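Engineer: sequence and predicted model, in that order:
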Amino acid sequence: KAVAEHLARRFEAEEFQVAQTRFNVTLSAGLVQISGTDPDLALRVADENLCAAKQAGRNRVVASVMTREERQPAAVCE
């Protein structure tokens, strides 16, 4: 999560240029930490977290923790 947040800050601060056009980029990420669970479920949860990051205003990292027993709700982090 810390790495994704660091990358998001770096992308936001960097100015890119293609030909004569300058622009900035933002990064939204959906992350999940899994412990002994189904990888397909983890991928679906990471995708849900990415959607939540974009719906919360983009340029965000949304992470959650999953165990076999439960999935904690995602928390939006800036």
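Structural biologist: It's in.

Engineer: ok, now which ones touch the closest residue to residue 24 other than its chain neighbours?
Structural biologist: Spatially, and ignoring its direct neighbours in sequence, residue 24 is nearest to residue 15 (5.9 Å; C-beta to C-beta, 6 or more residues apart in numbering). (Each C-beta comes from the backbone N, C-alpha and C, glycine too.) Listed by C-beta atoms under 8 Å, 6 or more residues apart in numbering, the contact set of residue 15 reads 22-24.

Engineer: ditto for residue 24
Structural biologist: Residue 24 is in contact with 12, 14-16, counting by C-beta under 8 Å, 6+ apart.

Engineer: in helices, which of those residues fall?
Structural biologist: The members of those that map onto helices under DSSP state H are residue 12.

Engineer: what would the contacts of residue 24 look like in CSV with pLDDT and distance to residue 43?
Structural biologist: Below are the contacts of residue 24 laid out as CSV (pLDDT from 0 to 100; distance: C-beta to C-beta, whole Å):
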residue, pLDDT, distance to residue 43
12, 93, 26
14, 94, 29
15, 95, 33
16, 94, 29
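
Engineer: buried sites along the helix or strand where residue 51 lies?
Structural biologist: Residue 51 is part of helix 39-55, with elements assigned from DSSP states H and E. By 16 or more other C-beta atoms under 10 Å, the buried positions in helix 39-55 come out as 42, 45-46, 48-50, 52-53.

Engineer: and if you look at stretch 14-22?
Structural biologist: Here stretch 14-22 shows no buried residue, counting by 16+ other C-beta under 10 Å.

Engineer: start to end distance for it?
Structural biologist: 10 Å (C-alpha to C-alpha, to the nearest Å).

Engineer: then stretch 12-27?
Structural biologist: This stretch, stretch 12-27, spans 8 Å end to end (C-alpha to C-alpha).
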